[in-house]
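# return atomic coordinates for the entry below.
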Amino acid sequence: MEIKKLKAVFDINVYLAAYLSQNPFSPTVELLKRWRNNEFVILYSDMILREIIRKFIEKGIDARYIIALISDIQLFGEYVNVTSDDIKSIILEDPDDDIFVACALKGETTHLVTYDPHFDCLKGKYPQFEVLDGLHFLYQVRGDKMPEK
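Numbers count the residues shown, from 1 in each chain. Below you'll find the model as predicted:
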């Protein structure tokens, strides 16, 4: 029996949390290490890359880090061609978040990972994928029993 590899779309706040963390053992830092070790796949689109760049510049993050992150995502991630036709109005409180849902749906992801409460409208589960925060997704990557939220 083949085990299906986890595939995730990360919201920008997951990448930001890893960058801003002072703790080298934080869940988001560990997630990025495990991703780079090929323990799961990150899906991305051009729109997501542009949003990462915009948010990181907005936060004053060094351009060298941004370039390194974007390069890693392109090198180790799985590209999903998301067009404007793929984007549906789902996250009404923050329509910018709809690009993540579109990428998750079109890329047939298993998880959308976010700390953004706007995704609560999905009730933790979208029919095709699970919405989790970084810690709870990390439990799944590790294969640990997931404690209750």
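
# phi, psi of the nearest residue to Thr109 once chain neighbours are set aside?
Leaving out its chain neighbours, the residue that sits closest to Thr109 by C-beta to C-beta, 6 or more residues apart in numbering is Lys7, at 4.5 Å. (Each C-beta comes from the backbone N, C-alpha and C, glycine too.) Per-residue torsions, Lys7: phi -130, psi 130 (degrees, to the nearest 10).

# show me where this structure has helices.
12-20, 27-36, 46-58, 63-76, 98-106, 134-142 (DSSP state H).

# and the longest one, which residues are buried?
Burial within helix 63-76, assessed by neighbour count using 16 or more other C-beta atoms under 10 Å, is assigned to Ile66, Leu69, Ile70, Ile73.

# pull the helix or strand with minimum mean pLDDT from this structure.
The weakest-scoring helix or strand in the chain, judged by mean pLDDT, DSSP states H and E, is strand 125-126 (a mean of 66).

# present the buried residues of helix 63-76 as CSV; the columns should include distance to Lys123 and pLDDT.
Listed next are the buried residues of helix 63-76 as CSV, based on distance: C-beta to C-beta, whole Å; pLDDT from 0 to 100:
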residue, distance to Lys123, pLDDT
Ile66, 33, 96
Leu69, 30, 96
Ile70, 32, 97
Ile73, 28, 97
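
# want to try TSV for these, with distance to Cys121 as columns?
Formatted as TSV, the buried residues of helix 63-76 follow (distance: C-beta to C-beta, whole Å):
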residue	distance to Cys121
Ile66	30
Leu69	28
Ile70	29
Ile73	26
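
# what about Pro127, distance to Ile90?
Plainly put, Pro127 is 12 Å away from Ile90 if you go by C-beta to C-beta, to the nearest Å.

# and if you look at Trp35?
Relative to Ile90, and taking C-beta to C-beta, Trp35 is found at 25 Å.

# so between those two, which is more surrounded?
Trp35 (20 against 17; other C-beta atoms under 10 Å).
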